[in-house]
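Trainee: just need the structure, nothing else, for what follows:
(chains A and B)
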Amino acid sequence: MRLDQIQIGRRCRVTAINFNHAICQRLANFGLLPGQEIEMAQVAPLGDPIAITFEGQKLSLRRREAALVEVEPVAV
Amino acid sequence: MKHIALIGNPNTGKTSLFNCLTGMRQRVGNYPGVTVEKKLGTAYLADGPATMIDLPGAYSLSASSLDERVAVDVLSGHLPGIERPDIVVCVIDATNLKRNLFLAMQIAELGIPMVIALNLWDALEQRGLSIDIVELEKRLGVPIVATVGRKGIGISELRDAISKAATQERCLAPMTWPAEVNEAVNNIHCAADGHTAVPLTDMEVRRLLFDANSAVLDRVQSNHEKVRASISEGRENLRKLGLNPMAAEAVLCYKHLDKLLEGVIKQAGDAPNGPDGTESIDKLMLHRFAGLLIFAAMMYVVFQAVYSWAGPLMDLVDGLKGWVQGIVGGWLEPWPMMSSLMTDGIIEGVGAFAIFLPQILILFFFIALLEDTGYMARAAFLMDKLFGWCGLNGKSFVPMLSGYACAIPGILATRTIEDPKARMVTILVTPLMSCSARLPVYVLLIGAFVEPKYGPWAAGLALFVMHIVGLLVAVPAAYILTKFVIKTKPQPFLLEMPSYRLPRMQDVLFRMWMAGKEFVIRAGTIILAITVIVWALLYFPRPAGLEDEVTKEFYAEHIEPNPASASLLDDPDSELSVELSNTIDAAYINQSFMARIGKAIQPVFAPAGFDWKITVGVVASFPAREVIISTLGVIYSLGGDVDEESPDLMTTLSNATWKEGPRAGTPIFTLPVVFAIMVFFALCQQCGATLAVMAKEIGWKWVAGSFVFQTSIAWLGAVLVYQLGTAILS
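Mentor: All right, here's what the predicted structure looks like:
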């Protein structure tokens, strides 16, 4: 599954990130690395971008870039 | 004097701390050659004053953005004119310790003594958490002070820690890298040795290794291939370790930090351990319907404030200007040229930039509020989809909206946009928004030509259409600029949404004050100069015999048929005297340099249906579009103090006819001409003050481009409207 496919309020765990894109290095600097658990917090009214929370911080990114992050769902 | 650098992630309350440490003693400018704001201040420490530099907020030193690159260059002492700091104060969000320490660990590599300010300590306590500062100090090896910048808590302790740090020289212990990284660093050093102006530091070499397109590579003057090869080889070895080179630094550093921070963050008492309300506020603020409604309501308030609330203040500035002009004009009456230079040139010029201050101050009050509460990031989130596709940014909304009141505060407000490319595009399209200075032109022409003939409903529609025209050009222009013109790489949209916070009023007011001060210092002189030049073009030449000649003609026309009226001229306020002086003013302006320019280029505007008088009005309005009304007043011998609702001016314009040529006897102001003029004003870059502000933000080269573009598109629009309109109506 990809991060952009997660529904609002669901949690997931990062399994892989496509580091060939520059934005993923920035995500990694925020601590978004394989193994990290994240929650899908919001989707903007127009469907894009999305907001995720992890480690007490909230980040917003576009779906196109969220698609570079592979995740697996985590049971609540 | 000691040099202290303040650095930290965005949204850590760094500016608040900087204000606390330096008070009002701040200087703002740009770093040489880039549009990154440089903020310097003086901090008074126990052992005397020290220079403090507030570096742009950065999440890392990867130098992928201009802000981060400046931060790296200052910290490495590579920026000419700025000394390498003796002490670095790292501001850390206590509620987000690990991520903030990631930046601190990168700074550690530079070997500069460090003091850590654990800011937003109150927010940490509110979450029912605490940090064991004694233990953390022991593990990191640098002094740590808990602060609440917003409330001024911990500031004196921070000052003490900074004073002591200079003598103690305690640096944050850098992390230990695996042997593969160290080996790669050595190899790159060897390859680059002797090929850089200044030998690269280990930290810079590590940036070469870890970052995809590091700005550090620019420092290598030759031998690129060998350096590149050594970088690739180093990365290959990282892959063998099972590390993706692009993520290696983050993976290793976060692993290091996880171990370092074990057991440091503690539960404090029985305070509620949980969210600080941000999540529940966001449920409302980012809601599909409610969120958009709240956004619209907030933007409405901001716009009303800039558009309407500034009105009385602007009237006050205008009244004050008129009052000073009256007094100075009285003193200088014996010297007409000096009087005119002082009143119509210099005082007018000072008034010309002072008039923008109310709007700038009010807008920046709201921007500071929106940013300091954390809402600005939400606004960007809500609007990103709407703006993103054409290269703008969610944060372009506020600047463009304020552009509808005045482009100047709007352009200054683009500083809130981090992505330099989106910022540039926003600056370039904001002047296309229909600002309040265009309104008088619309009111005059619609009031004179649309409303009497087609009724108030059509007048309202026409006014609305005129406000949309600029936007219709701005959107495709933004798209083209992004796709084909501006070559800067766009920053991916990755935005932190900070927790909601109460802003500190001093910070909000101080930001407002600095915005106003900076505008006066940076743009004020240019606006003044432009006004004086325009004054000279309208005032000169002053041929000696002109006044006598006009007076003689006036007598022949008005007094000779009715000699009794001659006594009326003794009273300077009589209708006849005013008419005479207006006729003299019109005669002077009609042979001024400005009018000569207007007449010479009238053929250019002929396809838009403009006669020479309109052309002179248009040309004279390039420095400030609102002068068209008074210029038309002077040209049509009604005097300069007519306004857009003056019935005299409306009647005069309606009665104006072509004196010669194929259209002799027909009215000049036909409906197509009226709309051609309005479209020209809607699209043209007729504001010297905006040009001056843009130049300070993006340089004269872009300003020239923008000027040429807007003038051509305005001309094209006017010609199109006139030609199509005439074809349809005939």
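
Trainee: which neighbours does the helix or strand of chain B with the lowest mean pLDDT have in its sheet, and in what orientation?
Mentor: None of the helices or strands of chain B scores lower by mean pLDDT, DSSP states H and E than strand B:26-30, at a mean of 81. Based on DSSP bridges, the strands next to strand B:26-30 in the sheet, each with its direction, are strand B:37-45 (antiparallel).

Trainee: avg pLDDT for the partner strand?
Mentor: Predicted confidence along strand B:37-45 averages 90 (mean pLDDT).

Trainee: beyond that strand, next helix or strand please.
Mentor: strand B:48-54 (DSSP states H and E).

Trainee: so that next one versus strand B:37-45, what angle?
Mentor: For strand B:48-54 against strand B:37-45, the angle between stretch directions is 160 degrees (axes from the mean of the first three to the mean of the last three Cα atoms, to 10 degrees).

Trainee: re the thing from before, please save the CA atoms from the least confident helix or strand of chain B in CSV.
Mentor: What follows is strand B:26-30, C-alpha atoms only, in CSV (Å, rounded to 0.1, in the frame of the first residue of the first chain):
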residue,chain,number,x,y,z
GLN,B,26,17.8,45.2,15.1
ARG,B,27,18.9,45.8,11.6
VAL,B,28,17.3,44.0,8.7
GLY,B,29,18.7,43.6,5.2
ASN,B,30,19.4,41.0,2.6
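
Trainee: buried residues, it. List them.
Mentor: Residues B:26, B:28 are the ones in strand B:26-30 that count as buried (16 or more other Cβ atoms under 10 Å in any protein chain shown). Where you see a C-beta, it was placed from the backbone N, CA and C, and this is true even at glycine.

Trainee: please apply the same query to stretch B:381-388.
Mentor: If you call a residue buried by 16+ other Cβ under 10 Å, then stretch B:381-388 has these buried ones: B:381-385, B:387-388.

Trainee: tell me the span between the first and last residue of stretch B:424-436.
Mentor: Between the opening and closing residues of stretch B:424-436 we find a distance of 23 Å, counting by Cα to Cα, to the nearest Å.

Trainee: in it, which residues are buried?
Mentor: By neighbour count with 16+ other Cβ under 10 Å, stretch B:424-436 contains the buried residues B:424-436.

Trainee: farthest-apart pair in those residues, please.
Mentor: Checked with Cβ to Cβ, the buried residues of stretch B:424-436 reach their widest spread between B:M424 and B:S436, with 24.6 Å between them.

Trainee: before we move on, back to that, kindly identify which of the buried residues of stretch B:381-388 also come near chain A.
Mentor: If you filter the buried residues of stretch B:381-388 for contact with chain A, counting by Cβ under 8 Å from any Cβ of the partner chain, you are left with B:381-382, B:384-385, B:388.

Trainee: and the residue nearest to B:K39 when sequence neighbours are not counted, what's its pLDDT?
Mentor: Nearest non-adjacent residue to B:K39, counting by Cβ to Cβ, 6 or more residues apart in numbering or on different chains: B:D54, 4.0 Å away. Reading off the confidence values, B:D54 has pLDDT 94.

Trainee: how close does B:D54 sit to B:A117?
Mentor: For B:D54, the distance to B:A117 equals 13 Å [Cβ to Cβ, to the nearest Å].

Trainee: just B:V134 next, same as before
Mentor: As defined by Cβ to Cβ, B:V134 lies at a distance of 16 Å from B:A117.

Trainee: what about the two, which has more around it?
Mentor: Comparing B:V134 with B:A117 by neighbour count (other Cβ atoms under 10 Å in any protein chain shown), the higher total belongs to B:A117, at 30 against 8.

Trainee: who's in contact with that one?
Mentor: If a contact means Cβ atoms under 8 Å, 6 or more residues apart in numbering or on different chains, then B:A117 has B:8, B:17, B:89-92, B:144-145, B:147, B:154, B:158 as its contacts.

Trainee: surely B:E626 meets B:Y442?
Mentor: No. Between B:E626 and B:Y442 there is no contact, the gap being 11.7 Å when judged by Cβ atoms under 8 Å.

Trainee: now for the two: what residues contact both?
Mentor: When contacts are counted by Cβ under 8 Å, 6+ apart, B:E626 and B:Y442 have no shared neighbour.

Trainee: mind pulling the model confidence for B:Y300?
Mentor: Value for B:Y300, per-residue pLDDT: 89.

Trainee: how deep is it tucked in, by neighbour count?
Mentor: As a burial measure, the neighbour count of B:Y300 was computed by other Cβ under 10 Å and equals 11.

Trainee: bridged to B:I116, which residues?
Mentor: For B:I116, the beta-bridge assignment (DSSP bridges) gives partners B:C90, B:I144.

Trainee: for the residue nearest to B:I530 when sequence neighbours are not counted, give me its contacts.
Mentor: Distance criterion Cβ to Cβ, 6+ apart; nearest residue to B:I530, sequence neighbours excluded, is B:G688 at 3.8 Å. Applying Cβ under 8 Å, 6+ apart to B:G688 gives the contacts B:526-527, B:530-531, B:622-624.

Trainee: what about stretch B:620-627, average pLDDT?
Mentor: The predicted model assigns stretch B:620-627 a mean pLDDT of 84.

Trainee: what does that stretch contact?
Mentor: Outside stretch B:620-627, the residues within contact range by Cβ under 8 Å, 6+ apart are B:352, B:437-438, B:440-441, B:530-531, B:533-534, B:537-538, B:594, B:598, B:628, B:631, B:681, B:684, B:686-689.

Trainee: from the buried residues of stretch B:424-436, pick the one nearest chain A.
Mentor: B:V425 (17.3 Å; Cβ to the nearest Cβ).

Trainee: can I assume that closest one is in contact with B:G391?
Mentor: Yes. Counting by Cβ under 8 Å, a contact exists between B:V425 and B:G391, whose distance comes to 5.0 Å.

Trainee: find residues that contact each of the two.
Mentor: Where contact means Cβ under 8 Å, 6+ apart, the residues bridging B:V425 and B:G391 through contact with each are B:478, B:481-482.

Trainee: just the ones of those residues in helices?
Mentor: Counted as lying in helices by DSSP state H, out of the shared contacts of B:V425 and B:G391, are B:A478.

Trainee: near chain A at all, the strand or helix carrying B:R99?
Mentor: Secondary-structure assignment from DSSP H and E places B:R99 in helix B:97-108. Yes. Applying Cβ under 8 Å from any Cβ, one finds helix B:97-108 touching chain A at B:98-99, B:102.

Trainee: packing partners of that helix?
Mentor: Contact analysis of helix B:97-108 by 3 or more Cβ pairs under 8 Å, 6 or more residues apart in numbering or on different chains; DSSP states H and E lists strand B:2-8, strand B:87-93, strand B:114-119, helix B:245-260 as its packing neighbours.
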